[in-house]
Each structure stands twice: as structure tokens, then as C-alpha cells.
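J.: structure, please.
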Amino acid sequence: MSEENRPTMLTYIEETPAQLAANIENRQALVGGLVDAYVDGGYHNIWIVACGSSSNASQCAKPFMMKYLDADVQVVPPNTFIAYKDRLAEDDFVFVVSQSGCSTNSIEALDKLRAMGRKAVGLTGNLESDFKDHADVLVDYGVGEEYVGYVTKGVTTLAEFLMLFAIEAGAKRGVVSAEAHDAVIAEMEKCPERHVAFQKQVHEFYDRNKAALTSMTVAYSCGFAQGYGIACEGALKIGETIQIPSFAYEAEEFNHGPNLQLTPNYTLFFIDDLCKTSDRLVQLARASHSVSDRVFVVTNNPEVDDAHALRLPEDIEEPLLMPLYVLPLFQILAYRATTDLHKWEKHPMFDNFRKICESKTASISKIMPFE
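T.: Purely as a prediction, here's the structure:
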């Protein structure tokens, strides 16, 4: 494939709304097997074993899952699970996530489940990956194709899959009424269109703030609940592409130490959850803005001026669905700033790191051929 025809992060960002819509329409086939395994198995609390963007997508979906399953949900890094999590309750439902299916630590987590006498359930974007040799149950979570390692479509579709699983399992368990189920699905059906609209807004935001966004030296991303999940993925995307120190914090935790190093050179992103902690988040953003003009907030709160705000639809019924259309903020920002700064290449010494401590199996070259 010629250089100009190669897919990029932006290719997959723009493909995401259609994939979201298709997955909602096909939700019974997509999540039905996992729903049956969870409900028919008599499980309750959930452990999601995941790292990187898969972990961040799980954090995005976690508040929604807890609400509609009426259960606790833990997101655990694979190596922590492997080394330290030796006890599971009989009704704990555990699954391991890796979009590529080639993450060595996630594969080891599947092996750990088998060694514990538990069924090894793997969620992946590639059923032909190495996951197939280590999972007793293999689930395609509906990303379609994504051949660039800085995943975007995979993050959003994984968050959607987990939300669809939760609402369908909640309905099957009887903890979600038919009316509530239908209302949530109707709201989810609006998300692809909202994703398209938010993409446009982010491009305009980037063009207005290009000088600030291409001169970032340190970035903080903060939020509560689903906003924290979005912030986690935002910090990762900025760090791995633009290659600057980039951190995510639960917004109140940011106020207990990390805020002490603020200067006018810091860039901060706050994600309003539009719910219980909304006022506190906006207050923290205002306080940060008293130090730095580089403070941007995803919010509808009029206390944040339009120059520093990215606005959301006024008809939002379920704010916990926000990740399905707000994630493009960091995805587009990362792609455009990295392209404008010519920073896609890593430092030449980084090859040494990969030689010593690789995180993927050799099969990754077939799955992500453009990396």
C-alpha cells in the first residue's frame, strides 16, 4: 500500500460512528454470548483485566456498568492480577481484554485464570490472534478493522461493548426495567451522530488553539466517574503521540498534591460528568485557570467561557454514555498535534527499550502492519 493510502488514526476516528451504530443494531449477536455466560452462571461482581487503552475504555464504561448491573466492577492491570490476585469469589465474573490479542501480559492473565481453575474468557478485536490459544471463551467485541497501534476506534467500541453488555445483562437479570432498557438504547442510538458533531467541534477547537496545543510541555487531564475514564485515555494519547509528560487524575485527587506544581506553562483538560460532581469539577477548572490560561473544559456550564469550553448536546439523558462521543477530543488533538510537530518517530534510543522489554508477541506485525 502506498504511503498516501495508508490508514491513520484519523481514518479510524472517522470510521467510529458507523461502527458504533452497527454494533448497537447488532447488539444481541454481539454481546449475547457474554450476557448468557454472566447471567446463567449466576455471577455478580465483575473483574476486567486490561491495560493501556483497553483499561481506559473499561474505566470509561465502569460507572455505567455499575449502575445498570447493580454490581461492583473492578478494572485490574494484568500483572497485578497475575502476581497478587489469588482469590476470587465464586460469583466474580472475570474477563481479560486485549484489542490486538497479542499483549503478553494479557495472555499470561488468561493462563493464570486457567491455573486457578476458572474459565479463561478473552475479549479481543481479532479472533485469529494469539488469544485464541489461551482463552476457553473468545469474544469479538466489535471493533472491525484497526491497523494503527495508537488505537481510537477500538477504545470507543470497547466502551460501547461493555455498556451494551451491562444494559442487556441488567435487563436479563431483572435489575433494569424494560422501560429503562429501551430508554438507554434510544439514547445510545444518538451517540454516533453526536460523535460526528463532536469531531467537527474538536477540529475547530484545535484550529483556534493551535499555538497552545502544539507548544504543550506538561498536560493534566482530570475528571470524575466517566470523565475520569476519558481523562485516562486522553493522558495516554497525548503522552504516547506528542511525547510530553501527560497525567490523568480523578479531579479531586488532582487537588491534593499534583496541583502544587502548576505554572502558566501547564495545559489542563477537565471533563465534566454533568452529574453529582459537576460543580466541583468546574470549580477546580476555574482555580486552575487562575494560574494558567491553558485550561480547557468539556462542559455546558456557563461559568466556563466559550473560548475555553467544548460544549455538549443539551438533550443528554444519560451522561454516563459521554465517552462514546467525547473521546474524539483527545484522539483528534493527539493526531493533529503530532502530525503538525512531525513527532511520529520515537527517539532513536527507544529501540533499546523494545529489545529488552517487548509488550507484544511477534504476531503483532500481522495485526498492526503500519507500526
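J.: low-confidence stretches in the stretch 1-150 of the chain?
T.: By pLDDT under 70, the weakly predicted segments of the stretch 1-150 of the chain are 1-4.
J.: let me see the ranges of the helices in it.
T.: For the stretch 1-150 of the chain, the helices defined by DSSP state H, counting those that start in this stretch occupy 9-25, 27-40, 52-69, 78-84, 104-115.
J.: show me the one of these that comes nearest Ile332.
T.: Closest approach to Ile332 among the helices of the stretch 1-150 of the chain (CB to CB): helix 9-25, 6.2 Å. For the C-beta atoms, the positions are set from N, CA and C on the backbone; glycine is no exception.
J.: show me what counts as buried in the closest one.
T.: For helix 9-25, the neighbour count (16 or more other CB atoms under 10 Å) marks 9-17, 19-21, 23-24 as buried.
J.: what residues does Met150 make contact with?
T.: For residue 150 the amino acid is Tyr, not Met. Met9, Lys237, Glu240, Thr241, Ala334, Tyr335 (CB atoms under 8 Å, 6 or more residues apart in numbering).
J.: got the CA coordinates for the longest helix that the chain contains in CSV?
T.: For the chain, the helix with the greatest residue count under DSSP state H is helix 153-173. Output of helix 153-173 as CSV, limited to C-alpha atoms (Å, rounded to 0.1, in the frame of the first residue of the first chain):
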residue,chain,number,x,y,z
LYS,A,153,-12.0,3.1,17.1
GLY,A,154,-11.1,0.2,19.4
VAL,A,155,-11.3,2.3,22.6
THR,A,156,-14.7,3.7,21.8
THR,A,157,-16.2,0.4,20.5
LEU,A,158,-14.9,-1.4,23.6
ALA,A,159,-16.5,1.1,25.9
GLU,A,160,-19.7,0.7,23.9
PHE,A,161,-19.5,-3.1,24.0
LEU,A,162,-19.1,-3.1,27.8
MET,A,163,-22.1,-0.7,28.1
LEU,A,164,-24.2,-2.9,25.8
PHE,A,165,-23.2,-5.9,27.8
ALA,A,166,-24.3,-4.2,31.0
ILE,A,167,-27.6,-3.0,29.9
GLU,A,168,-28.6,-6.3,28.3
ALA,A,169,-27.3,-8.3,31.3
GLY,A,170,-29.1,-5.9,33.6
ALA,A,171,-32.3,-6.4,31.8
LYS,A,172,-31.9,-10.2,31.7
ARG,A,173,-31.2,-10.3,35.5
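J.: helices and strands around it, which ones?
T.: Applying 3 or more CB pairs under 8 Å, 6 or more residues apart in numbering; DSSP states H and E, one finds that helix 153-173 contacts helix 9-25, helix 27-40, helix 52-69, helix 178-188, helix 323-326.
J.: highest mean neighbour count out of those?
T.: Ranked by mean neighbour count, the helices and strands packed on helix 153-173 are led by helix 323-326 with a mean of 27 (mean count of other CB atoms under 10 Å).
J.: check which helices and strands that helix is in contact with.
T.: Here helix 323-326 touches helix 52-69, helix 153-173, helix 191-208, helix 226-237, going by 3+ CB pairs under 8 Å, 6+ apart.
J.: okay, those in a markdown table with distance to Cys275 next?
T.: Formatted as a markdown table, those follow (distance: least, CB to CB, whole Å):
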| stretch | distance to Cys275 |
| --- | --- |
| helix 52-69 | 9 |
| helix 153-173 | 16 |
| helix 191-208 | 17 |
| helix 226-237 | 9 |
